[in-house]
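Novice: I'll drop the sequence and a predicted model, then ask my questions.
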Amino acid sequence: MKVTVIGAGNVGSSCVEYIAIKSIASDIVLLDIKKGLAEGKALDLMQTSTTLGFNSRILGVTNDYKATSNSDVVVITSGIPRKPGMTREELIGINAGIVKSVIKSVLSNSPNAIIIMVSNPMDTMTYLALKISNLSKNKVIGMGGALDSSRFKTYLSIALNKPANQIEGMVIGGHGDTTMIPLIRLATYNGIPVSNFLSEKELNKTSSDTMVGGATLTKLLGTSAWYAPGASVSYLVDSILNDRRLLIPCSVLLEGEYKQKDICMGVPCIIGKNGVESILDLELNSDEIKKFENSSASVRSMNEDLKDI
């Protein structure tokens with residue numbers, strides 16, 4: 001199986017690293033527009049195979065989309081972060097132009113690929129990728145919910161002082177500081193509701209910490225995080241290529257689910273060999289419904305900026 005990652009920055013190279021280490025794909029291509037960057041990172045990663053024990057072949061290329069031909073999954077991390085003084089419209093305009101160009105080049109060489117979007121603003125870029133690609137809705141997936149949920153479970157694990165791999169929880173809604181919705185009500189520790197162990201104040205803190213999880217890391221690192229995003233992408237790729245049918249929150253096109261239409265937002269999905277195999281339409285309570293409606297309004301407002309592009 002073949003995976004291509006577009007963008008050899010921290011997130012893109014982290015995606016490649018985890019996909020290789022976990023032996024998810026036999027062939028991995030890392031592509032970037034900066035000469036030598038992808039080649040250097042690919043070679044560096046290949047030189048870890050003898051000590052880490054994986055057999056994936058990693059190829060780095062500079063803007064050579066022919067090398068990506070017949071990819072089963074393509075991960076798109078391309079784009080720029082929002083810079084000081086830059087308006088939201090300017091950010092969307094720049095990244096939308098990049099995504100359009102990348103999608104065209106990807107599909108001309110891998111018309112049957114499943115697309116995983118990482119570029120921000122992620123819900124809007126996922127929506128754009130779906131519209132311009134003419135792919136079926138199951139083949140364009142935004143990874144934000146997987147990342148947000150991993151952060152939510154980590155914060156719950158810290159609050160509980162319990163192993164993270166025994167925590168279950170998910171985040172739905174938009175992939176943004178004010179739009180994501182950690183579903184505290186459904187979170188569990190080894191099958192037991194976390195509300196049995198944590199106070200309302202502690203639960204609210206895990207929720208608020210999750211919502212600003214990305215901003216917290218940016219403040220600490222001086223740039224966007226990359227380890228957890230890369231791991232979340234590899235988790236999605238693994239579920240697709242190995243048809244694991246894992247339940248993973250992802251940004252996908254809604255056509256009536258959660259009473260929303262013509263919008264990409266984070267909802268729980270079964271992810272398998274066809275991409276999005278199905279969407280789980282949870283029965284939300286009144287508070288969660290209101291939050292989801294507010295989140296969708298915010299995402300739609302951002303999508304409006306695409307009309308001028």
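Specialist: Thanks, I have the structure now. Keep in mind it's a predicted model, so treat the numbers as computed, not measured.
Novice: Okay, buried residues for the strand ranked longest in the chain please.
Specialist: Taking DSSP state E as the criterion, the chain has its longest strand at strand 261-272. Under the neighbour-count criterion of 16 or more other Cβ atoms under 10 Å, strand 261-272 has 263, 264, 265, 266, 267, 268, 269, 270, 271, 272 buried. In short, each C-beta sits where N, CA and C put it, glycine included.
Novice: Could you chop this protein up by domain?
Specialist: The record, using automatic domain parsing to delimit domains, assigns the chain the ranges 2-143, 145-308.
Novice: start to end distance for the first one?
Specialist: To tie it back to what came earlier, the one meant is domain 2-143. End-to-end distance for domain 2-143, by Cα to Cα, to the nearest Å: 19 Å.
Novice: re the thing from before, could the buried residues of strand 261-272 be laid out in TSV, adding distance to residue 190?
Specialist: Formatted as TSV, the entries for the buried residues of strand 261-272 read as follows, by distance: Cβ to Cβ, whole Å:
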residue	distance to residue 190
263	35
264	33
265	29
266	25
267	25
268	20
269	24
270	23
271	24
272	26
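Novice: JSON lines for those residues, including pLDDT?
Specialist: Supplementary listing: these in JSON lines, determined by pLDDT from 0 to 100:
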{"residue": "263", "pLDDT": "98"}
{"residue": "264", "pLDDT": "98"}
{"residue": "265", "pLDDT": "97"}
{"residue": "266", "pLDDT": "98"}
{"residue": "267", "pLDDT": "98"}
{"residue": "268", "pLDDT": "98"}
{"residue": "269", "pLDDT": "98"}
{"residue": "270", "pLDDT": "98"}
{"residue": "271", "pLDDT": "98"}
{"residue": "272", "pLDDT": "98"}
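Novice: What is the most widely separated pair among the residues you listed?
Specialist: In those, two members sit farther apart than any others by Cβ to Cβ. They are 263 and 272, at 23.1 Å.
Novice: Okay, strands next: where are they in the stretch 201-309 of the chain?
Specialist: Defined through DSSP state E, counting those that start in this stretch, the strands belonging to the stretch 201-309 of the chain, from first to last, are 246-255, 261-272, 275-279.
Novice: Compare these and report which one is nearest to residue 299.
Specialist: Using Cβ to Cβ, these put strand 261-272 closest to residue 299, at 5.9 Å.
Novice: ok, back up a step: quick one, which of the strands of the stretch 201-309 of the chain is nearest to residue 302?
Specialist: Each of the strands of the stretch 201-309 of the chain was scored for nearness to residue 302 using Cβ to Cβ, and the closest is strand 261-272 (10.3 Å).
Novice: and the closest one, how far out from the chain's middle?
Specialist: Using Cα atoms, centre = their mean, to the nearest Å, the mean C-alpha position of strand 261-272 is found 12 Å from that of the whole chain.
Novice: In PDB, could you pull the C-alpha coordinates for it?
Specialist: Output in PDB follows, covering the C-alpha atoms of strand 261-272 (Å, rounded to 0.1, in the frame of the first residue of the first chain):
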ATOM      1  CA  LYS A 261     -26.300  20.000   5.500                       C
ATOM      2  CA  ASP A 262     -23.600  21.100   3.100                       C
ATOM      3  CA  ILE A 263     -21.000  21.500   5.800                       C
ATOM      4  CA  CYS A 264     -17.900  19.500   7.000                       C
ATOM      5  CA  MET A 265     -17.700  19.200  10.700                       C
ATOM      6  CA  GLY A 266     -16.300  16.700  13.300                       C
ATOM      7  CA  VAL A 267     -18.600  13.800  14.000                       C
ATOM      8  CA  PRO A 268     -17.900  10.200  15.000                       C
ATOM      9  CA  CYS A 269     -17.300   8.000  11.900                       C
ATOM     10  CA  ILE A 270     -16.400   4.400  11.200                       C
ATOM     11  CA  ILE A 271     -13.200   4.600   9.200                       C
ATOM     12  CA  GLY A 272     -12.300   1.700   6.900                       C
END
